[in-house]
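S.K.: Got a predicted model here, sequence first, then my questions.
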Amino acid sequence: MCRPAKYHSGWRVALQAGSLAALSGCAGPLSTLEPSGPAAASIAGLWWVMLAGSAILFALVLVLFLLTVFRPGWGSRVSPARWIVLGGLVLPAVILIPLICYALYAGELLMPLRAHAPARVEAIAQQWHWTFRYPDQGGVETGNVLHLPAGMPVDVVVTSKDVVHAFWIPRFAGKIDAVPGHHTLLRIQANQPGQYFGQCNEFCGIGHAQMRFTVIVDRPEDFDAAVRNAAATGEVNK
């Protein structure tokens with residue numbers, strides 16, 4: 001008996017809408033899958049590799065399930081102990097071991113290659129605001145606007161004045177916590193000049209959703225002047 005055309009049309013629309021919603025999460029100003037720096041590229045690469053590995057593992061398990069459903073008794077010659085070893089140990093290991101090796105490799109790419117980055121910025125969190133201080137530029141400060149030089153690693157020293165926050169620029173690197181009384185270090189690098197966005201990624205109270213900041217990546221030769229000009233004009237992103 002044929003199903004109504006409306007039934008198939010409904011499923012088609014639902015599938016297209018679901019695919020669109022899933023793909024829309026792969027881009028945007030806060031997307032980790034649209035990297036603009038080496039650390040973010042390593043994180044995004046790890047995500048895609050893990051996705052592919054999990055899809056392969058799921059497909060293998062699905063094949064076994066379908067064989068069991070449509071060909072009853074096909075695996076009856078295999079002992080239960082062998083099923084446990086092959087299906088519970090060997091099958092996952094074929095996928096998981098390479099994934100672990102790649103994860104360790106990707107993690108190494110996030111480690112600093114030099115003892116100290118040429119630039120240093122202090123990020124100070126406070127409900128619900130970010131203050132950025134530039135020691136190399138005389139200690140000048142900007143509010144909710146972070147300036148970075150393009151193509152150069154920068155050590156961001158993160159701390160908090162009140163509760164635990166988190167510093168995160170998805171297109172540059174992973175997040176790091178801002179802990180009161182402690183200083184945590186995150187090395188980031190932006191590939192190209194432009195405007196980007198960051199946010200607090202740790203719930204910190206009723207104003208958490210608005211605790212965002214703008215990142216302006218300047219050309220290296222313009223960085224010092226841009227920071228001093230921003231501080232002099234009181235550049236603040238509200």
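M.R.: The structure has been received and is ready for your questions.

S.K.: Low-confidence stretches in this protein?
M.R.: Residues of the chain meeting the criterion pLDDT under 70: 1-28, 75, 109, 111-117, 234-238.

S.K.: Would you mind finding the longest helix in it?
M.R.: The longest helix of the chain (DSSP state H) is helix 38-70.

S.K.: What is the distance between that one and the centre of its chain?
M.R.: When distances are taken as CA atoms, centre = their mean, to the nearest Å, helix 38-70 is centred 19 Å away from the chain's centroid.

S.K.: and the helix or strand that it is followed by, what does it pack onto?
M.R.: Next helix or strand after helix 38-70 toward the C-terminus (DSSP states H and E): helix 80-85. With contacts defined as 3 or more CB pairs under 8 Å, 6 or more residues apart in numbering; DSSP states H and E, helix 80-85 has no helix or strand neighbours. All C-beta atoms are positioned from the backbone trio N, CA, C, and that covers glycine.

S.K.: Which neighbouring elements make contact with the longest helix of the chain?
M.R.: Judged by 3+ CB pairs under 8 Å, 6+ apart, the packing partners of helix 38-70 are helix 91-109.

S.K.: got the CA coordinates for the helix it packs on in CSV?
M.R.: Taking Å, rounded to 0.1, in the frame of the first residue of the first chain, the C-alpha atoms of helix 91-109 are listed here in CSV:
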residue,chain,number,x,y,z
LEU,A,91,36.1,-3.7,17.0
PRO,A,92,36.3,-0.6,19.2
ALA,A,93,40.1,-0.8,19.4
VAL,A,94,40.5,-0.6,15.6
ILE,A,95,38.8,2.8,15.7
LEU,A,96,39.6,4.1,19.2
ILE,A,97,43.4,3.5,19.2
PRO,A,98,44.0,5.6,16.1
LEU,A,99,41.7,8.3,17.5
ILE,A,100,43.7,8.4,20.8
CYS,A,101,47.0,8.7,18.9
TYR,A,102,45.6,11.6,16.8
ALA,A,103,44.2,13.3,19.9
LEU,A,104,47.7,13.2,21.5
TYR,A,105,49.2,14.6,18.4
ALA,A,106,46.6,17.4,18.2
GLY,A,107,47.2,18.2,21.9
GLU,A,108,50.9,18.6,21.2
LEU,A,109,50.1,21.2,18.5
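
S.K.: What residues of it count as buried?
M.R.: Buried residues in helix 91-109, counted by 16 or more other CB atoms under 10 Å: 95, 99, 106.

S.K.: Find the nearest non-adjacent residue to the second one, please.
M.R.: What that stands for is Leu99. Nearest residue to Leu99, sequence neighbours excluded (CB to CB, 6 or more residues apart in numbering): Gly53, at 4.6 Å.
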